[in-house]
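Asks: fold the following.
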Amino acid sequence: MTGDIRLARRRIEIDGEPRLVLAGEVHYFRLARHEWEHRLEQALRAGLDTIATYIPWIWHELPDGSIDLTGESVPERDVAGFLDLCAERGLRVFARPGPFVMAELKNEGIPYRIRREHPHLVPVGWDGAPAPTRDLDYLHPDFLAEAEAWYDRILPVLAPRQLHRGGPVTAVQIDNEVGMLAWVSNTPHLTDDALAAFAERVGADRLRSLTGSDDPAAVRGGGLDVLALHHELGLFARHRFAGYLDRLAASARRHGIEVPLAVNVHGTGGGRGTTYPIGVSQLAQAYRGRDGVFAGSDYYLGELTVTNIADLYLSNAIMTAVNGPDQPMTSLEFEAGTGNYGEDLSALNSPESAELKTLLTVAQGGRLINYYLFAGGRNPRIEVPEPDGTERIAFTGERHGFAAPVDPEGEETVAYGAISSIAAELRALEPVLAAGEEEHDDLVFGFVADHYLTEYRHPASAERAEQAMDTERHRGAGFRDVLGRALVLSGFRFGAVDLQALASPQSEWATGASDVHAGAAWVPELGDTAIVLSTGRTLGAAVQRYLADHVLSGGRLVLTGLLPDRDDDGQPCSVLADALGLRSAGIRVDAVTPDSEYWPTVRSTGPLGPLPDVRVGSAQLLEATGTTEVATVFTEFESEAPCAVLVRAGAGRALVLGCDYPVHLDTWRALLALVDVRPGLTADAARPGLVATTVATPSGERALVALNVAPYPLEARLSLDGEALGDPVHLPAFGHLLRRV
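Replies: Below is the predicted model:
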């Protein structure tokens with residue numbers, strides 16, 4: 001096996017040709033060695049071309065501290081033999097050597113020795129409380145020394161087996177889900193070492209203003225200037241994560257790893273992707289603009305329905321927006337299988353769910369899909385068990401991956417057939433899908449990274465809790481996810497734009513700067529394109545100024561949520577509202593208390609004509625200041641005050657929706673038309689649930705992707721730019737269509 005792999009123009013090119021990489025996660029260490037070949041054969045029959053696997057440090061380090069990578073202790077430690085077998089079967093390899101690997105392994109895949117020998121690596125967080133997870137202080141010199149010692153052993157196994165050297169290895173992932181453990185436990189790294197670095201970063205005067213003390217340890221108490229301190233800690237965490245991953249990347253390059261390096265971005269949960277951008281916010285500085293580095297999503301969304309399709313669509317768009325111009329959008333853990341992860345039958349995913357999620361992600365520019373977990377197995381015994389209730393290396397019992405398309409015994413489940421089927425469809429149109437880009441209408445979704453710096457909050461800070469709750473309620477897809485679902489289910493095709501990079505192109509966020517590397521942001525020119533953004537009260541001053549300038553110079557804006565009135569650090573800031581000539585006249589909230597009840601209701605009194613009154617979750621009453629031309633679109637019933645207006649400011653226009661108007665698809669299309677945004681790909685389906693998009697190559701080849709995420713069949717005639725795309729399509733419940741047009 002020989003060849004060359006490179007990242008260029010958002011594509012993965014192998015031997016100079018754009019390719020779709022379809023991978024499956026197979027854990028050699030959870031299979032008896034004699035089973036390896038059978039699982040690889042199953043991957044090939046499913047249409048996969050790549051095997052992904054973790055290489056767990058905890059598995060290869062023996063009790064005496066030695067490392068076995070050749071199977072001297074047990075055959076299943078012969079990672080070199082597994083890689084060579086993949087090559088013999090014509091399968092490429094995506095190697096994932098940690099140091100952290102998670103994967104339900106004990107201690108997150110780190111040898112227990114590390115915590116015993118270096119107890120100071122265990123992070124402490126707010127008020128000095130130790131982390132409740134198995135997290136470690138990434139950038140402490142002692143952990144870096146241990147991690148690089150592991151790399152000293154495993155990377156020389158991978159380096160001679162890279163694709164351009166005749167081996168199967170096409171990419172290497174550095175660490176896994178960095179920052180996730182700190183986020184989910186609300187435990188920022190506040191070790192003495194980290195706090196010393198924080199104090200140096202902000203300077204003595206700033207530290208004193210944040211905490212009221214010269215002692216960095218005062219940060220653990222939540223600070224004097226609460227909102228500013230939390231914001232600084234979020235920025236500091238990004239900086240530290242980037243520095244850590246840069247150190248690992250430098251180590252990989254020193255060991256001769258020349259293939260692309262991957263960063264895995266976490267964030268979905270509970271079948272939803274609304275928190276996924278937290279992972280992007282944490283890690284983008286670690287990969288944005290890096291040559292030969294790409295990021296991949298970590299998607300666990302369950303069934304794809306009207307509930308979460310906007311989550312997937314927006315997450316894919318955000319990934320692309322944050323990437324550099326040569327970095328492809330990929331998914332390094334793409335949920336596959338039945339969904340019965342706990343063996344309790346609390347959930348079952350249809351086979352079609354993997355097909356729909358794959359198609360939408362590839363249509364939006366996904367170039368690598370790694371089905372996780374593709375093949376299950378058995379957790380081996382650990383030589384020296386911990387007193388933790390099991391003698392095995394993981395905590396799922398003996399069997400692992402019982403929901404996978406190939407179960408632990410090697411039997412193929414219903415999910416296997418779905419992956420085989422969708423892989424065949426993708427291969428038939430690979431020249432278009434591997435080289436093409438999704439076509440977009442005249443709008444972009446505004447991504448604000450600092451809206452997702454909400455993962456840390458001091459338990460005693462009511463002010464921080466209020467700010468985080470307001471931000472979480474309105475960011476991204478908007479309050480009740482109305483904005484996201486309205487855009488996607490109304491038929492709009494759109495990408496995202498990184499507003500902070502546009503607003504501050506030389507900032508650390510935009511350049512990806514860390515202690516050892518400075519990248520460069522890719523900042524597109526928007527012209528008068530309509531920017532769609534949902535925000536709460538908090539929106540950074542630079543972003544507010546950028547949006548104000550965009551409108552005043554002739555651009556368009558659709559703003560939902562609340563008029564922003566403060567900067568990220570809590571300081572008053574109403575730059576955008578002032579430019580639009582608006583201010584808040586109060587908020588009416590849906591609430592029932594022992595003393596009162598109120599159901600805010602909205603009626604159409606403007607250019608959309610009469611519509612039925614609708615109940616909303618909240619309505620911000622808007623008052624014009626007299627500096628711009630303001631036309632009322634909706635009013636709140638009781639007050640008769642505007643809660644949605646169309647503004648003409650400078651040379652541009654803004655539609656400001658201060659209410660979470662229900663997802664009435666025709667009304668939302670009419671609302672966007674007020675700023676001259678209309679879907680170019682239309683469908684005349686009688687009921688909601690159809691999502692369609694198109695992919696086009698520079699040479700003019702085009703593919704149509706249509707998904708039915710409704711639990712009933714749909715029939716529709718599709719038209720592109722007013723021209724019918726053949727006969728009507730008939731899609732069964734959770735059915736799909738992929739064809740050339």
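
Asks: where does the protein have low pLDDT?
Replies: In the prediction, the chain carries residues with pLDDT under 70 at positions 1-2, 513-523.

Asks: and residue 119, how close does it get to residue 138?
Replies: Residue 119 is 16 Å from residue 138, where distance means C-beta to C-beta, to the nearest Å. From N, CA and C alone the C-beta is placed, and that goes for glycine too.

Asks: please enumerate the strands of the stretch 451-600 of the chain.
Replies: 495-498, 530-535, 556-561, 582-589, 591-592, 597-598 (DSSP state E, counting those that start in this stretch).

Asks: distance to residue 90 and mean neighbour count added to those strands, as a markdown table?
Replies: Formatted as a markdown table, these follow (distance: least, C-beta to C-beta, whole Å; neighbours: other C-beta atoms under 10 Å):
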| stretch | distance to residue 90 | mean neighbour count |
| --- | --- | --- |
| strand 495-498 | 35 | 24 |
| strand 530-535 | 45 | 26 |
| strand 556-561 | 49 | 24 |
| strand 582-589 | 61 | 17 |
| strand 591-592 | 62 | 10 |
| strand 597-598 | 66 | 10 |
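
Asks: which of residue 119 and residue 138 has more residues huddled nearby?
Replies: residue 138 (25 against 9; other C-beta atoms under 10 Å).

Asks: is it true that that one touches residue 242?
Replies: No: here residue 138 lies out of contact with residue 242, judged by C-beta atoms under 8 Å, at a distance of 10.7 Å.

Asks: centre-most residue in the chain?
Replies: residue 276 (4.2 Å; C-alpha atoms, centre = their mean).

Asks: excluding residues flanking it in the chain, which one is nearest it?
Replies: residue 267 (3.6 Å; C-beta to C-beta, 6 or more residues apart in numbering).

Asks: how close does residue 673 sit to residue 31?
Replies: Separation of residue 673 from residue 31 (C-beta to C-beta): 56 Å.

Asks: now do residue 45
Replies: Look at residue 45 and residue 31: by C-beta to C-beta, they are 17 Å apart.

Asks: so for these two, which sits in the more crowded spot?
Replies: When residue 45 and residue 31 are compared for neighbours, residue 31 comes out ahead with 21 against 12, by other C-beta under 10 Å.

Asks: how far off centre is stretch 686-704?
Replies: 23 Å (C-alpha atoms, centre = their mean, to the nearest Å).

Asks: quick one: buried residues of that stretch?
Replies: The neighbour-count check on stretch 686-704 (16 or more other C-beta atoms under 10 Å) flags 688-697, 701-704 as buried.

Asks: those in strands, which ones?
Replies: 690, 691, 692, 693, 694, 695, 696, 702, 703, 704 (DSSP state E).

Asks: in the stretch 401-550 of the chain, which spans are helices?
Replies: 414-428, 430-433, 462-474, 482-489, 499-503, 508-511, 541-552 (DSSP state H, counting those that start in this stretch).

Asks: show me where the stretch 1-150 of the chain has helices.
Replies: Using DSSP H, counting those that start in this stretch, the helices of the stretch 1-150 of the chain run over residues 36-45, 57-60, 79-88, 112-117, 141-158.

Asks: and among these, the most buried is which?
Replies: The highest average neighbour count among the helices of the stretch 1-150 of the chain, using mean count of other C-beta atoms under 10 Å, belongs to helix 57-60 at a mean of 24.

Asks: note down every partner strand of the helix or strand containing residue 634 and its orientation.
Replies: Element membership for residue 634, per DSSP states H and E: strand 629-636. Partner strands and pairing direction for strand 629-636 (DSSP bridges) are strand 601-604 (antiparallel), strand 642-649 (antiparallel).

Asks: okay, these in CSV with distance to residue 436 and mean neighbour count next?
Replies: Below are the strands paired with strand 629-636 laid out as CSV (distance: least, C-beta to C-beta, whole Å; neighbours: other C-beta under 10 Å):
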stretch, distance to residue 436, mean neighbour count
strand 601-604, 40, 20
strand 642-649, 36, 22
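
Asks: of all these, which lies closest to residue 218?
Replies: Distance to residue 218, taken as C-beta to C-beta, is lowest for strand 642-649 among these, at 43.2 Å.

Asks: sounds good, over and out.
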